[in-house]
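Undergrad: Curious how this folds, go ahead:
(chains A, B, C and D)
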4 protein chains.
Amino acid sequence: MADLTTTAQRADLLATRYGHVRETTEVLATPLTPEDQTVQSMPDVSPTKWHRAHTSWFFETFLLEPQLAGYRSFHPAFAYLFNSYYEGVGARYPRPRRGVVSRPGVTEVAKYRDHVDEAMGALLTGGLAGGLTTEVADLVELGLHHEQQHQELLLMDIKHVLSCNPMQPAYATVTVAEPSVEAPLHFIEHEGGLVETGHEGPGEPGAGFAFDNESPRHAVHLEPFALAGRAVTCGEWMAFMADGGYERPDLWLSDGWATSQADGWESPLYWFRVVDDWWLFTLGGPQLVDPAEPVCHVSYYEADAFARWSGARLPTEAEWEAVAARRPADLRMAKFLDTSVLHPRPAGTTESLYGDVWQWTSSAYSPYPGFQPAPGAVGEYNGKFMVNQYVLRGGCCVTSADHIRATYRNFFPPSARWAFSGLRLARDL
Amino acid sequence: MADLTTTAQRADLLATRYGHVRETTEVLATPLTPEDQTVQSMPDVSPTKWHRAHTSWFFETFLLEPQLAGYRSFHPAFAYLFNSYYEGVGARYPRPRRGVVSRPGVTEVAKYRDHVDEAMGALLTGGLAGGLTTEVADLVELGLHHEQQHQELLLMDIKHVLSCNPMQPAYATVTVAEPSVEAPLHFIEHEGGLVETGHEGPGEPGAGFAFDNESPRHAVHLEPFALAGRAVTCGEWMAFMADGGYERPDLWLSDGWATSQADGWESPLYWFRVVDDWWLFTLGGPQLVDPAEPVCHVSYYEADAFARWSGARLPTEAEWEAVAARRPADLRMAKFLDTSVLHPRPAGTTESLYGDVWQWTSSAYSPYPGFQPAPGAVGEYNGKFMVNQYVLRGGCCVTSADHIRATYRNFFPPSARWAFSGLRLARDL
Amino acid sequence: MADLTTTAQRADLLATRYGHVRETTEVLATPLTPEDQTVQSMPDVSPTKWHRAHTSWFFETFLLEPQLAGYRSFHPAFAYLFNSYYEGVGARYPRPRRGVVSRPGVTEVAKYRDHVDEAMGALLTGGLAGGLTTEVADLVELGLHHEQQHQELLLMDIKHVLSCNPMQPAYATVTVAEPSVEAPLHFIEHEGGLVETGHEGPGEPGAGFAFDNESPRHAVHLEPFALAGRAVTCGEWMAFMADGGYERPDLWLSDGWATSQADGWESPLYWFRVVDDWWLFTLGGPQLVDPAEPVCHVSYYEADAFARWSGARLPTEAEWEAVAARRPADLRMAKFLDTSVLHPRPAGTTESLYGDVWQWTSSAYSPYPGFQPAPGAVGEYNGKFMVNQYVLRGGCCVTSADHIRATYRNFFPPSARWAFSGLRLARDL
Amino acid sequence: MADLTTTAQRADLLATRYGHVRETTEVLATPLTPEDQTVQSMPDVSPTKWHRAHTSWFFETFLLEPQLAGYRSFHPAFAYLFNSYYEGVGARYPRPRRGVVSRPGVTEVAKYRDHVDEAMGALLTGGLAGGLTTEVADLVELGLHHEQQHQELLLMDIKHVLSCNPMQPAYATVTVAEPSVEAPLHFIEHEGGLVETGHEGPGEPGAGFAFDNESPRHAVHLEPFALAGRAVTCGEWMAFMADGGYERPDLWLSDGWATSQADGWESPLYWFRVVDDWWLFTLGGPQLVDPAEPVCHVSYYEADAFARWSGARLPTEAEWEAVAARRPADLRMAKFLDTSVLHPRPAGTTESLYGDVWQWTSSAYSPYPGFQPAPGAVGEYNGKFMVNQYVLRGGCCVTSADHIRATYRNFFPPSARWAFSGLRLARDL
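TA: Coordinates of the predicted model:
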């Protein structure tokens, strides 16, 4: 990567984007009380105030301390408290215990954010002796995408927190979709053959931002296949349930069956029955299940069982991306983060591969051929998680629109359900 | 128990005491932020705001709903959320998950307390058609002692919460004792024989308040023995540690040794080493260990091992009470709850059986001969816990002075360390 | 303890008894295949071949190695493999893993027993330079009573092992009792007052053998009470079950209720339902439950709940012993180990405090006033277990008749069910 | 699959092979006592006698009961006891409890095997009304390969069992390799491009036996790469250890690091230190580690960390197979099951892709494009395990020579170490 001074134009754009992304985090935290922001409802969940502090710690650790002359860290203990998983920068507070740390509280965390923002402002507008190099600008970009990931996590996590409260309080007032009819299901065909997959990689002409796990771009051979034009709906899921979907081991992977039995799964996460009706918990509180909306909060195990039941299968990530590459317009039509919605909407007649719900693929999360993590602690960002996880594609209703692209690889363990995860079917031709 | 109308004088005293006790709870919560009040650091610990709500729930459930005509409960879900363990009044929210409930927050809990206080005011000052019966007055008294127990729990619990924070924040500014010398150890002798133990029981002339587990009063035969004039000190404990106290299985009960190894005990809870010095965490933050002050936050297992090492033993609860019965003045000289201290103080020259630290006895917590729990759900208060626990006597530095007496039986499992628990030696004569 | 040479007569008696006790162990192992003798079905259970080896290790470690000149241990690894819990004689193989050690197999264990028996024969018949001292003779006696305890454990343990096999194989052919009627229940009254409890202690004139935990003999004050003339029967237990005994938390101790719910208790251990009938697994295989026979394999928690349900209570161990002291003839009429039965029999008209089933008392297992464990590793025999356990009295159908007495204190944790444990009611007068 | 009557020649070959495979199982069990054959040392391990019975159950369930008129099953309970994981044929005894079932013992298991063998003899030599169809012959073949898999498991499992015994007993006398020098490491290059992977599938001309998971044959695109000519050696592994391989989180996958810390890994499984030397436990008992022999009993996590440390990587399974396809002669030169060895041998100068140790690939175990499991319960053989596992290739020193081929896909979870698993490096060109 060439280490040239970045243009003034890029610096300006970056400063603007920095302000916008940082502000969005605060907007998302606004409806939450100090008590809400403190709770950790399971080991995978982090408190809201931890997300707000950790994203600041990222800028402090990877930008301000190494780059900004004279920078004074806000508090000596925060390096320990707000490191998530970077072994390369020292010890860290154990993740499952984040919810027992009451201090710093929300007020001090807000000050921490201001402190970091002020210093970042200095850094972005002339604070560096040699100007803003490409390397530093790329790190700022990474920090912003990192924060956007945490915005999505913040919403996933607080949804889980609030769902544990027997009073089922709403995070915010949301707009409930009008009753709608289930969109008909059709399949998009692809003839297979050798396709190019993955991102050009940083530094390539016109590449734009991508995480390291999306590169290198490489060839994959596909058999002919078809990909569904929309995600599986709640209506289809209820048919699966009615047909004994959660009671028939023949439909399930062995580990999936064991997990579903041990944890007592009988429906997607957040669904509950009131007399004869299925309800689900949303960020706007409890709602009747709308059969037309995409099913959400299902694990890989459930998605795989559903696909087997339906006589189809999950797509591989290369198949998903091959179709997406041919339909760039889909990205613009997708339904991403909108604080008045925060819930997947019925597909209607607007077909898109993106948005509403992340879609499980059948691809284990593995390095692409020739993958090289970045040098230093930042290299821990992605590579070390490439085991025991499956790739999801497409973004969802709590993903920022400028944080997604065709090559984006999200990933979770096959038992995870608290992400906004659904599925889209595929089949052989 | 006779069901007579209580005197106007008792009603007045009760209203005054009600105000005082309820106010004390709020004073204890004052230094704590909403975030502090939300955290549960282990299953045995409850959040501060839960204590504040649960003590109100007790008055609502056992007094206001059954007795006060037209009483409207504050919130329908609170009966479920703030029931601690009373099976007789319905289902309850699981204890180990109290820390994941962010709402109601501290503001709504304060309103709940006000709502209950207002209704209790009405009840205590003429709100009952037939006047304040003895039965109702006794229940109010029980509710107040219940709340005083929770005040102590609140302080024990928040100490544990704050100790889990790597920054070790103080709960409050406390007065540190002047350096002092260890008081010499002498033993108070008792000739044994048949002694009367336990409380007269409610309704007996001049009996005063006591919990049901302190009755009936009954005879116990004792062998001649002697009881130490003061509690074991930190200095003595450091000698035990220096002599391999935590490394020699021959000193320990088998279960105690297994627990100490599994949990890695090397000192009392809250002690930590800085280079060559021992420090401990207090409600006023970290402090150097003062050899003259009573050792605190030790389990029954540790207390028993120490006693064996020292060539003595723990007293039985009947022995403790037999000595206490002869020294009523001790109670007045004891050091109980004082929000400017909140830590055990060196014995100095003022000898007392009470205060500073609860003292483990060798007595398993069992019903006294002829014990009968109260009828109804209130009968679950004590009796159902009479297994797998040991009795402690004497009160401590976070116990209210008007909440203790010679017959008081506190109890914890033998592995518990987060109470302000120490020990006092005994020996055979 | 005087260290005098024991008489020749005692030596002869001891040698005879040694032969008899050691032979009984082998008789009990005879019906078992090598495979049966290898299995450990839960951490509390030990394999049969482990019992056979461990009891030999006891003689080797505490008698042969310290006392018999020139004794060569059978195998150097056995000191590690067959130490049960004596910290004072070195490290030991972890108890929960005894079932993964396939070698030594039963053949080598038999050789080990022969090796030890031969050396013990030498020791008992002149092998000691200074003759058989009282101290050594007492240790041999201890070793024999130790082995008798393990005979009972061997049968308890193999019953559990075989019960885990879905084919429910019998240990042996046993004589099934004739159908009988439930004996009427009457109570034996005791006027209370000061009673003497416990054993005279070794070395006291005419004391006979007892474990250290039965001493010193001491005074206890009792209130007037009555003790049931027979144990609770299966018929009575079925009435408890029919009345919701396992579904009503108000009948249970809090820990007991939690345990019963977590482990899914719905009846005593080994009971199972076939259509409308209750069956139980015995050492002779499955049998219909006989309402007249004593209920067996219930925990302290269940015994306590039953007693509360029946309006009575469990006796204290001092109460039990006070009644037993007045009825020495009971001991001779009791039903103890008989390899053609191995199951509790209906009381019929022969009333006895002893045999058939061990009887839970309400007494926590604690040291008697003035208790001193023996010096050295043998002192670990009893004292270090005096926490978290409850005392049982009376022996059972798998206890040897010459291994029991009025002062005998057996003990198990309150959740244990695999001992032959039942209950006998008491009530206040 | 055509359902034609198989030729007489195939029937003869099958009968001969049946006799040979079944006999080999018994030969492998011969050195083991009844006690050895009963033990289950961890949930993944099965007792030897269970393997002997389960492989017989397979023939009984899938061949004899559906096909052989008048067949009487040996014992009604065995269908429950010896089903491993086939949900389609009914309930089964829980796997982690196989070690608590002492009966049937080895003698009855031998009779069970004889009973099945006799009936299979009838079936293979004319017992079927319509002759031996291809479908039935294919199932027999499957049963034999199934049994060969269990022969390898039997040896893996008993090695684990014996290793848990502190006396470290040998399974058999084995021939220790002469001290040898480490073979130099060279890489076999492959130019990449589109390669065909997988097995032709049953019924294809000249396909031979393969499991369903090896089909369909399909195209994969590879980048240019090189594959090591031999496996990683113990000498190389010791260099990794000396360089802090087990102490540097930067070398490990995140889950791998967490596992290695939680389980205290400091070397491959079965290695132990005696003063300054590394020893390892083999089926022949403890041996000094030979630096020239292939490292064995490492997990995927360790293999991956080693590869990262060495600057190389693990191959994908398609890469491994592409190289193997060009070197058919390797298969004949490999070192497979030989009961006088049972341990990986130094590579010496004979280069081969096969034998000695299974080799972890970086490929998650997934279905090949177009994969279809067999209909019925036999379809549970492979497909339902295709999650959370990684593929290993090449067979090992306890694999039968006629049970392996270039397309064979073995699989284990990434934390598994008790298989004979090593690794072979790859790198990009």
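Undergrad: Close to chain D: what parts of the stretch 101-250 of chain A are there?
TA: For the stretch 101-250 of chain A, the contact set with chain D under C-beta under 8 Å from any C-beta of the partner chain comprises A:194, A:218-223, A:249-250. All C-beta spots, glycine's among them, are computed from the backbone N, C-alpha and C.
Undergrad: how about the strands in the stretch 151-300 of chain A?
TA: Assigned by DSSP state E, counting those that start in this stretch, the strands in the stretch 151-300 of chain A fall at A:187-190, A:193-197, A:218-222, A:225-228, A:271-274, A:277-282, A:285-288.
Undergrad: Which among those is found nearest to chain B?
TA: In terms of C-beta to the nearest C-beta, the element of the strands of the stretch 151-300 of chain A nearest to chain B is strand A:285-288, at 12.3 Å.
Undergrad: How about residues contacting that closest one?
TA: A:168-170, A:176, A:272, A:277-281, A:343 (C-beta atoms under 8 Å, 6 or more residues apart in numbering or on different chains).
Undergrad: Any stretches of chain A with poor pLDDT?
TA: Residues of chain A meeting the criterion pLDDT under 70: A:1-6, A:127, A:129, A:177, A:179, A:203, A:205-206.
Undergrad: can you give me the helices in it?
TA: Along chain A, counting by DSSP state H, helices occupy A:8-29, A:48-59, A:65-67, A:78-81, A:106-122, A:134-163, A:234-242, A:254-263, A:300-309, A:317-325, A:329-333.
Undergrad: Report all helices and strands that the second one contacts.
TA: Okay, so that is helix A:48-59. Helix A:48-59 sits against helix A:8-29, helix A:78-81, helix A:106-122, helix A:134-163, with contacts defined as 3 or more C-beta pairs under 8 Å, 6 or more residues apart in numbering or on different chains; DSSP states H and E.
Undergrad: before we move on, what about the longest one?
TA: Using 3+ C-beta pairs under 8 Å, 6+ apart as the contact definition, the elements that helix A:134-163 packs against are helix A:8-29, helix A:48-59, strand A:277-282.
Undergrad: To C:A364, which of these lies closest?
TA: C:A364 lies closest, by C-beta to C-beta, to one member of these: helix A:48-59, at 45.1 Å.
Undergrad: quick check: angle from that closest one to helix A:106-122?
TA: Interaxial angle of helix A:48-59 relative to helix A:106-122 (axes from the mean of the first three to the mean of the last three C-alpha atoms, to 10 degrees): 20 degrees.
Undergrad: Only alpha carbons, please: show helix A:48-59 as PDB.
TA: The C-alpha coordinates for helix A:48-59 follow below in PDB (Å, rounded to 0.1, in the frame of the first residue of the first chain):
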ATOM      1  CA  THR A  48     -24.900   0.100  25.300                       C
ATOM      2  CA  LYS A  49     -22.400   2.300  27.200                       C
ATOM      3  CA  TRP A  50     -19.700  -0.300  26.500                       C
ATOM      4  CA  HIS A  51     -20.300   0.000  22.700                       C
ATOM      5  CA  ARG A  52     -20.200   3.800  23.000                       C
ATOM      6  CA  ALA A  53     -16.900   3.600  24.900                       C
ATOM      7  CA  HIS A  54     -15.300   0.700  22.900                       C
ATOM      8  CA  THR A  55     -15.800   2.500  19.600                       C
ATOM      9  CA  SER A  56     -14.000   5.500  21.100                       C
ATOM     10  CA  TRP A  57     -11.300   3.300  22.400                       C
ATOM     11  CA  PHE A  58     -10.700   2.000  18.900                       C
ATOM     12  CA  PHE A  59      -9.900   5.600  17.600                       C
END
